[in-house]
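Asker: Return a 3D structure for these sequence lines:
(one chain, ligands or ions: 1)
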Amino acid sequence: MTDDLFRLTVAEAGDALAAGDISSVDLTRSVLDRIDAVDARTGAYLLVTADAALAQAEAADDRRAGGDAGPLLGIPLAIKDVLCTDGVATTCASRILEGFVPPFDATVVARLKDAGAVLVGKTNMDEFAMGSSNENSGYHPVRNPWDLSKVPGGSSGGSAAAVAADECLAALGSDTGGSVRQPAALCGCVGLKPTYGRVSRYGLVAFASSLDQVGPLTKSVHDAAVLLAATAGHDPRDATSLPEPVPNFAAELDGNVEGLRVGVAPEYFGEGIDAGVASAVEDAIGALEANGTEIRAITLPHTEYALPVYYVIAPSEASANLARYNGVKYGLSDPQAVDVDEMMATVRAQGFGAEVKRRIMLGTFALSSGYYDAYYLRAQKVRTLIKQDFDTAFESVDVIAAPTSPTTAFDLGGRTADPLAMYRADVLTLPASLAGLPAISVPCGFVDGLPVGLQLIAPPLHEARLLRVADAYERLRPETPALRQAVEA
Ligand code: GLN
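Answerer: Sure, this is the predicted structure:
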């Protein structure tokens, strides 16, 4: 067995563990050493829980010795710091949550632990998941493992960079408007946003509750299928969680896409889409066609409204959700304050970063009396039109193919002075989020040494179909030149 155990996929490591070639302790040590070697360059983690991870690895090895098995037993994973972890600090990369230690696990975390996964640490992110570059972290930025002068994308930038730089075998992120798919595209890994309601939000710190979903970031489509199956399914603790059975997604991946109809919409290839990105995605669609899918032209006419609609609805929900950070219950407080008003004012002024404050102000404004109908209500109506575009399209196609991000990874600091330029990073991921649809980003080549992502979108609860097409594409994708990650230079 190679010394580079940290490079394995979940599937490869699972096979090696099952065959008795390696132990979870070996594998976890290898990942922890890798973190020691490269994390100072990527900044992917906010917290590494090395001792707990090794204890979990030993427990997993004991379970296996006792006859237990399973695709995640003994596999080292990373968790975005937006998910509550029992006894382990959870900050959402915000100073306002500094020192907060949840007394419970998010349902997805509990399910991964039950499956015997080893949790190596909490990954960096944009504060409260608001951002597209990870530069809004209240702690430190994350650098893209392919080029350290570039952003990894956001808001799950730490999870994406950790997977890309082999600092974990796979990770969980959260996606409200693109935060799993966009960083996956920019870092060259697979990122899946499930159907709204497919995965429990219990213990996921709320940003925009009608949009938030937890999803995996992985080195392969197969691994995304494994993580989705382990985390999905009804949870009585989340009222929006769907009581739907969870298929064995990985077992259904056979590379066959014969006869599937793939929709291509001009709205996803228009102005603002980098020519190199568009052509890589067109090549990927061509490869699917050569392997038996039928490519059909569709239109999604309300696509251009997704960005303004999202930036009314998400900040509105955020302004309500973030009202709970008042210095009383969680994290940062101000014991010197003379009264509760002063305490709230100081704590919120000091604890929230600029982008979070901007969203709270935007949302509070959009929800205020006199403006509610003009902004929030209208945005909800247009959201319905966006959803209807997809309903119509899915009458004639099985999946939709598009770029994930309009550009490859951009320069660190390149968009921080221009919030609208930053928001435009999500134009291609927001529509599926607003419609509650499952969508995946799978690597489809490089432009100037930086990864490009192919986005596939399916009707509600059709993750199996999404994974099938993504996996088929992954099998037939041309070998990419072995680009040496900057992280190892
Ligand atoms: N980048 C988008 C935003 O800033 C989406 C974030 C997300 O999906 N959490 O809101």
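Asker: Quick check: the gap between the residue of the chain most remote from its centre and Thr346.
Answerer: Distance from the C-alpha centroid of the chain peaks at Val338, with 41.3 Å (C-alpha atoms, centre = their mean). Separation of Val338 from Thr346 (C-beta to C-beta, to the nearest Å): 10 Å. The way it works is simple: take the backbone N, C-alpha and C, and place the C-beta from them, glycine included.
Asker: Phe352 too?
Answerer: 11 Å.
Asker: Between these two, point out the one with more neighbours.
Answerer: Shown here are Phe352 and Thr346; by other C-beta atoms under 10 Å, Phe352 has more neighbours (22 against 16).
Asker: Please name the nearest non-neighbouring residue to that one.
Answerer: Ile96 (5.8 Å; C-beta to C-beta, 6 or more residues apart in numbering).
Asker: Would you agree the one you found falls within a helix?
Answerer: Yes - assigned with DSSP: H, G, I helix; E, B strand; the rest coil, Ile96 falls within a helix.
Asker: So which bits of the stretch 201-350 of the chain are right by the ligand?
Answerer: Phe207, Ala314 (C-beta under 6 Å from any ligand atom).
Asker: Let me see the ranges of the strands in the stretch 201-350 of the chain.
Answerer: 213-218, 261-264, 294-297 (DSSP state E, counting those that start in this stretch).
Asker: could you dump the ones you listed to a markdown table with mean neighbour count and mean pLDDT?
Answerer: Formatted as a markdown table, those follow (neighbours: other C-beta atoms under 10 Å; pLDDT from 0 to 100):
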| stretch | mean neighbour count | mean pLDDT |
| --- | --- | --- |
| strand 213-218 | 30 | 98 |
| strand 261-264 | 19 | 98 |
| strand 294-297 | 14 | 98 |
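Asker: Put together TSV for these, with distance to Cys444 on each row.
Answerer: Output for these, formatted as TSV (distance: least, C-beta to C-beta, whole Å):
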stretch	distance to Cys444
strand 213-218	16
strand 261-264	13
strand 294-297	15
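Asker: Of these, which is nearest Ala250?
Answerer: Ala250 lies closest, by C-beta to C-beta, to one member of the strands of the stretch 201-350 of the chain: strand 213-218, at 11.3 Å.
Asker: Which strands border that closest one, and is each parallel or antiparallel?
Answerer: Using DSSP bridges, the strands paired with strand 213-218 are strand 170-175 (antiparallel), strand 190-193 (antiparallel).
Asker: ok, the residue of the stretch 301-450 of the chain found nearest the ligand - how many residues close by?
Answerer: Distances between the stretch 301-450 of the chain and the ligand by C-beta to the nearest ligand atom are smallest at Asp426, namely 4.7 Å. Asp426: 27 surrounding residues under other C-beta under 10 Å.
Asker: Distance check, it against Gly270.
Answerer: Per C-beta to C-beta, Asp426 is found 15 Å from Gly270.
Asker: so after the host helix or strand of Glu355, what's the next helix or strand?
Answerer: Take DSSP states H and E as the rule and Glu355 turns out to sit in helix 354-367. Tracing the chain past helix 354-367, the next element assigned as helix or strand by DSSP H and E is helix 378-393.
Asker: Only C-alpha atoms, please: export that following helix in PDB.
Answerer: Provided in PDB are the C-alpha atoms of helix 378-393 (Å, rounded to 0.1, in the frame of the first residue of the first chain):
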ATOM      1  CA  ARG A 378     -42.600  40.100  -5.400                       C
ATOM      2  CA  ALA A 379     -39.400  38.100  -5.100                       C
ATOM      3  CA  GLN A 380     -41.400  35.100  -3.900                       C
ATOM      4  CA  LYS A 381     -43.700  35.400  -7.000                       C
ATOM      5  CA  VAL A 382     -40.800  35.500  -9.400                       C
ATOM      6  CA  ARG A 383     -39.300  32.600  -7.500                       C
ATOM      7  CA  THR A 384     -42.400  30.600  -8.500                       C
ATOM      8  CA  LEU A 385     -41.900  31.600 -12.200                       C
ATOM      9  CA  ILE A 386     -38.300  30.400 -12.000                       C
ATOM     10  CA  LYS A 387     -39.500  27.100 -10.600                       C
ATOM     11  CA  GLN A 388     -42.200  26.800 -13.400                       C
ATOM     12  CA  ASP A 389     -39.500  27.300 -16.000                       C
ATOM     13  CA  PHE A 390     -37.800  24.100 -14.700                       C
ATOM     14  CA  ASP A 391     -41.200  22.200 -14.400                       C
ATOM     15  CA  THR A 392     -41.800  23.000 -18.100                       C
ATOM     16  CA  ALA A 393     -38.200  22.000 -19.100                       C
END
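Asker: elements contacting that helix?
Answerer: Using 3 or more C-beta pairs under 8 Å, 6 or more residues apart in numbering; DSSP states H and E as the contact test, the elements touching helix 378-393 are helix 306-321, helix 430-434.
Asker: element containing Gly99?
Answerer: Using DSSP H and E, Gly99 falls outside every helix and strand.
Asker: for the strands paired with strand 213-218, which one ends up most surrounded?
Answerer: Stretch with highest mean neighbour count among the strands paired with strand 213-218: strand 190-193 (a mean of 34; mean count of other C-beta atoms under 10 Å).
Asker: for the residue lying closest to Ala225 once chain neighbours are set aside, what are its contacts?
Answerer: With sequence-adjacent residues excluded and distances taken as C-beta to C-beta, 6+ apart, Ala225 is closest to Phe249, at 3.7 Å. By C-beta atoms under 8 Å, 6 or more residues apart in numbering, the residues touching Phe249 are Ala225, Val226, Leu228, Ala229, Glu463, Ala464, Leu467.
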